[in-house]
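In: build me a model from this:
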Amino acid sequence: MRGTIRKLFGASLAFAIVALTVSYFGYRQSQAHPRQSGTAANELAQQFAGNPGDGWMLAGGFLMLVALAVAFAAAMLWAQERKSGG
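Out: Take a look at the predicted model:
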């Protein structure tokens with residue numbers, strides 16, 4: 001069971017590193033390209049079409065949520081193992 005918990009914490013760390021990298025890449029893209037004028041058909045499309053870095057930062061945010069979910073799962077398994085005395 002310890003190996004599984006260690007792998008889950010490792011996966012969580014890997015997801016967090018990838019999330020930060022993707023978010024940083026998106027930030028750099030948004031700084032390199034100025035915002036375009038509102039040429040999209042509706043307001044929702046206009047929010048995501050304004051800058052190419054926005055999608056990367058959104059993906060980084062989702063990956064960070066996945067990292068947190070995996071970390072909490074590992075913490076729950078670790079707490080359950082400590083409680084059972086194993």
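In: how many residues are close by residue 33?
Out: The tally of other residues near residue 33 (other CB atoms under 10 Å) stands at 12. Backbone N, C-alpha and C define where each C-beta goes, glycine included.
In: ok, it touching residue 56?
Out: No: shown here, residue 33 and residue 56 do not form a contact pair, counting by CB atoms under 8 Å, at 11.6 Å.
In: low pLDDT regions in the protein?
Out: 34-50, 86 (pLDDT under 70).
In: quick one: the helices in it?
Out: With DSSP state H, the ranges of helices along the chain come out as 2-32, 43-49, 53-84.
In: got JSON lines for these, with mean neighbour count too?
Out: Below are the helices of the chain laid out as JSON lines (neighbours: other CB atoms under 10 Å):
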{"stretch": "helix 2-32", "mean neighbour count": "15"}
{"stretch": "helix 43-49", "mean neighbour count": "12"}
{"stretch": "helix 53-84", "mean neighbour count": "15"}
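In: neighbouring contacts of stretch 19-39?
Out: 46, 49-61, 63-64, 66-67 (CB atoms under 8 Å, 6 or more residues apart in numbering).
In: give me that answer again for 7 Å
Out: 46, 50-54, 56-57, 59-60, 63-64, 67 (CB atoms under 7 Å, 6 or more residues apart in numbering).
In: just send those back as JSON lines, with distance to residue 21 too.
Out: Shown next, in JSON lines, are the contacts of stretch 19-39 (distance: CB to CB, whole Å):
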{"residue": "46", "distance to residue 21": "27"}
{"residue": "50", "distance to residue 21": "23"}
{"residue": "51", "distance to residue 21": "18"}
{"residue": "52", "distance to residue 21": "17"}
{"residue": "53", "distance to residue 21": "13"}
{"residue": "54", "distance to residue 21": "16"}
{"residue": "56", "distance to residue 21": "10"}
{"residue": "57", "distance to residue 21": "12"}
{"residue": "59", "distance to residue 21": "11"}
{"residue": "60", "distance to residue 21": "8"}
{"residue": "63", "distance to residue 21": "9"}
{"residue": "64", "distance to residue 21": "11"}
{"residue": "67", "distance to residue 21": "12"}
